[in-house]
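Engineer: Requesting a structural model of the entry that follows:
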Amino acid sequence: MAKVRFVGSNLNKVTEIKVGKIILEGAEENGIDIPNGCRYGACYACSVEVIKGIENIDFPNLKPSKNKIMTILTCISKIKKNGEIVIKL
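Structural biologist: A predicted model of the protein is given here:
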């Protein structure tokens with residue numbers, strides 16, 4: 001399992017998500033609300049910033065943005081391996 005910390009305004013919650021699990025689903029199962037829409041990567045409503053642990057995430061076509069911030073879509077991103085991940089909502 002990966003230890004995932006979700007941070008944001010008024011949020012600082014740590015949970016564990018199994019390897020192979022979609023991050024959005026794992027968050028929802030642990031009471032963490034991530035905005036979402038289509039659930040297949042087209043609407044970008046579930047886009048989040050990964051502050052730490054990008055190497056522990058399997059995300060199709062992962063590319064850093066111009067300012068080197070790594071963003072993922074939680075509806076299509078899976079936990080790749082055990083480790084620590086910090087996600088900013």
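Engineer: For this structure, name the helix or strand with the lowest mean pLDDT.
Structural biologist: strand 70-73 (a mean of 92; mean pLDDT, DSSP states H and E).
Engineer: tell me what whichever helix or strand comes after that one is packed against?
Structural biologist: With elements assigned by DSSP states H and E, the helix or strand that comes after strand 70-73 is strand 78-79. Strand 78-79 is packed against helix 23-29, strand 57-58, with contacts defined by 3 or more CB pairs under 8 Å, 6 or more residues apart in numbering; DSSP states H and E. For the C-beta atoms, the positions are set from N, CA and C on the backbone; glycine is no exception.
Engineer: 6 Å - rerun?
Structural biologist: The helices and strands touching strand 78-79, judged by 3 or more CB pairs under 6 Å, 6 or more residues apart in numbering; DSSP states H and E, number zero.
Engineer: which intervals of this structure have sub-threshold pLDDT?
Structural biologist: 62-67 (pLDDT under 70).
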